[in-house]
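Colleague: Structure, please.
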Amino acid sequence: MTCTALFRREAFDGVGGYNENMRQGYEDWDFWIGCGEKGFYGQHIPEPLFLERIKDSSMYSTSSQHDKGLKAQIILNHPSLFAQSQMLWAQGVIANNHDILSLPDIHGIIPEFYDPPDTMPASFAKPLSDSMKKDMLTAMQFFQEGNLQEAENFFRNILRDNPDSDRVNYELANVFYDRGQFFEAIAYYQKTLQLNPGLIGVYNDLGLAYQDAGLVDDAVKSYLKALLLAPQFTDAYFNLGLAYEEKGHFDEVIKCYQKVIEANPNSEDALINMGNSYLRKRNFDEAITSYEKALLLNPNIAEAHNNLGYALLEKKRYEDSMICFKQAIELSPNVADTYFNLGNANKELHIFDEAITHYNHALAINPNSPEIYLNIGYIYDYIGQNEDAVTMFDKALAINPDFFAARFARCMAQLQAVYTDQQSIQIARGRYQKELANVRNSLSLETPQNIEKAASAIGSGQPFLLAYQGLDD
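Modeller: Numbering: from 1, shown residues only. From the prediction side, this is the model:
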C-alpha cells in the first residue's frame, strides 16, 4: 500500500491517526497495520495508478536509513500481531544492542523467525536404518563411558553411509566438544543446523563451542539466534550472560540473568552471576541483594559469601564484611582472595596485626601476588616502619616490575612524618628525588588506561607529606 491510498475518516479516527513515534518514516506502513488490527480492511485496485520520483533527500531515502529501527518500532506498536521472537528482536534493536543489530535482515521486510514447539534437539529429521540404530547405540555407549575415540570411530562409520544425518553430525560434534577440539565441534554443529535449522538447542551448543574457542562475538550471535527462535530458552539466556560478561557488557549480563530468574527464581548461579555484574558496575546495593538471595537458597556457597563481603567492604560495613569472609574461609579455606579481602577489612579498621596475619595466609596460598605485598607495605608505611614498607614494595615490584602503585608507594615511603634533625630531612629529600625520577621514567600517559592506572595508584596511598617540609623552601 502506498502513502497516497484513500481511507475513510472512521478508520483514521479508529486507529488514532499516524503514530507520533514514527516521525522518521514508515508512518503509513504502521498506520495500515493499525487499520487491520482494528478491523478495517481495504480493497486492491490492480492498476498502476501512482508514479513516485525518489530523490536523494526525499523522506523515503531518510526513512530507509532507519529501516531496522522503524521496523522494530512497528512491532512494538502492535505487540498482539507479532510473535514473541519478533518482539525480542525489536526490543534489542530499540535498545541499540549491537549483537541484535548485526543479525541479517531484509530491507523493508519485518523479519520472521521460526517458532517451533520444541526448543531442544529432540526431533532429528532423517531416521536411521535398524542396523545403523544398533551402531548408534554402541557409539553412544562409548561416548557415555568417556571412550571418545571409539565413539568417534563408530559415528564416522555411520556418517559414511548417512552423510546427511543431522543426528550423527550432532553427536560427532559433541564428541569433539568433549575432547576440547572446539573448531571441529563448530564445523559439525554448523553442518547439523544446515541439515535441520529447527534444532534450536544446537544453536546453544554451537554458542558454547564458539565461546570455548575464544570466538565470543560468534557465540553471542548463536545464543541470540536460539533466543529469537525460542524466547523462553533459559539455558541460552544463561550462556549469553556468560558471553556478555567476557565482553564486559554488564548491563546486558544483568538483563540475561533477570530473564533466567524470572523463569526460575531459585537459580542460585544466576543470582550470583548477576551479583558479580552489579559488583563490576559498582552498584553495591544491588550486588548485596543478589548475593543475599543466593545465600538464602544455599548458604554453603563460599564465592557468594566472599563477594557479599567485598560489596559490604566497599560500602564501609567492615565488621559485616569480616563475618562474610570468615564464613567463606570456613567453606573454602584455600582461596587467597578471601584472606586478602579479610586482611583489607582489618586494615581499614586499623587492626594491623590481624590484617598482616591474613595477608600472610593469602601469600602462603598465592606467593606471586604483588597486591598482597603492596598492602602489607601500606601498613608498615602507615605505622612508620619505612624500611619494612620499602621491602614489601620491592617484593611487589620483583613480581611485577610495571606495577605502578608499588613504585609510587616506594617513592612516598622515603618521606617520614617526623625527622630528628635537618640532616635526616636532607637524606629523605635526596631519596625522594631519586625515587620520584624513577616513578616518572616508569610512567606512560599514552593511553587512557595508563592514566587511570596512575591516578588510581596515586589516590590509593597515604596522604602526601611535603617533600621539603622543615626547611621552609
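Colleague: in the helix or strand containing residue 134, what counts as buried?
Modeller: Assessed by DSSP states H and E, residue 134 sits inside helix 130-145. Neighbour-count burial for helix 130-145, counted by 16 or more other Cβ atoms under 10 Å, picks out 132, 135-136, 139, 142-143. From N, CA and C alone the C-beta is placed, and that goes for glycine too.
Colleague: Columns distance to residue 227 and pLDDT on top of those residues, output as TSV?
Modeller: Output for these, formatted as TSV (distance: Cβ to Cβ, whole Å; pLDDT from 0 to 100):
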residue	distance to residue 227	pLDDT
132	34	78
135	35	85
136	30	85
139	31	87
142	33	89
143	28	89
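Colleague: sorry, back to before: give the other helices and strands that the helix or strand just after the helix holding residue 134 contacts.
Modeller: Along the chain past helix 130-145, the next helix or strand (assigned with DSSP H and E) turns out to be helix 148-161. Secondary-structure packing of helix 148-161 (3 or more Cβ pairs under 8 Å, 6 or more residues apart in numbering; DSSP states H and E): helix 130-145, helix 166-179.
Colleague: mind giving me a markdown table with the ones you listed and columns for distance to residue 88?
Modeller: As requested, the helices and strands packed on helix 148-161 are arranged in a markdown table below (distance: least, Cβ to Cβ, whole Å):
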| stretch | distance to residue 88 |
| --- | --- |
| helix 130-145 | 34 |
| helix 166-179 | 25 |
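Colleague: Worst mean pLDDT among the ones you listed?
Modeller: For the helices and strands packed on helix 148-161, the bottom mean pLDDT is recorded on helix 130-145, which sits at a mean of 85.
Colleague: quick one on the thing from earlier: nearest to residue 208 among the helices and strands packed on helix 148-161 would be which one?
Modeller: Checking the helices and strands packed on helix 148-161 against residue 208 by Cβ to Cβ gives helix 166-179 as the closest, at 7.3 Å.
Colleague: Summarise which helices and strands that closest one is packed against.
Modeller: Contact analysis of helix 166-179 by 3+ Cβ pairs under 8 Å, 6+ apart lists helix 130-145, helix 148-161, helix 182-195, helix 200-212 as its packing neighbours.
Colleague: Check what contacts that helix and list those residues.
Modeller: By Cβ atoms under 8 Å, 6 or more residues apart in numbering, the residues outside helix 166-179 that reach it are 121, 124-126, 128, 136, 139-140, 143, 148, 151-152, 155-156, 158-159, 162, 182, 184-189, 191-192, 195-196, 199, 202, 205, 208-209, 212.
Colleague: From residue 335, how far off is residue 322?
Modeller: Separation of residue 322 from residue 335 (Cβ to Cβ, to the nearest Å): 15 Å.
Colleague: Just the pLDDT at the spatially most central residue of the chain, thanks.
Modeller: The residue lying closest to the centre of the chain (Cα atoms, centre = their mean) is residue 245, at 1.6 Å. At residue 245, the pLDDT value in this model is 93.
Colleague: one step back: just send the buried residues of helix 130-145 back as a markdown table, with distance to residue 305 too.
Modeller: A markdown table is the format used below for those (distance: Cβ to Cβ, whole Å):
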| residue | distance to residue 305 |
| --- | --- |
| 132 | 52 |
| 135 | 50 |
| 136 | 46 |
| 139 | 44 |
| 142 | 41 |
| 143 | 38 |
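Colleague: hang on, the earlier thing: I'd say the residue nearest to the centre of the chain and residue 277 touch.
Modeller: Yes. Assessed by Cβ atoms under 8 Å, residue 245 is found in contact with residue 277 at 6.7 Å.
Colleague: what stretches of the stretch 351-473 of the chain score poorly on pLDDT?
Modeller: Applying pLDDT under 70 to the stretch 351-473 of the chain flags the ranges 459-473.
Colleague: Helices along that one, start to end?
Modeller: Secondary structure of the stretch 351-473 of the chain (DSSP state H, counting those that start in this stretch): helices at 352-365, 370-382, 386-399, 404-412, 422-442, 448-460.
Colleague: Residue 256: which of the ones you listed is closest?
Modeller: helix 448-460 (27.0 Å).
Colleague: tell me what the closest one is packed against?
Modeller: helix 404-412.
Colleague: Relative to the whole chain's centre, how far out is the helix it packs on?
Modeller: 33 Å (Cα atoms, centre = their mean, to the nearest Å).
Colleague: What angle do helix 422-442 and that helix make with each other?
Modeller: Put simply, helix 404-412 runs at 160 degrees to helix 422-442, going by axes from the mean of the first three to the mean of the last three Cα atoms, to 10 degrees.
Colleague: buried ones in helix 404-412?
Modeller: By 16+ other Cβ under 10 Å, the buried positions in helix 404-412 come out as 404-412.
Colleague: Thanks a lot, catch you later.
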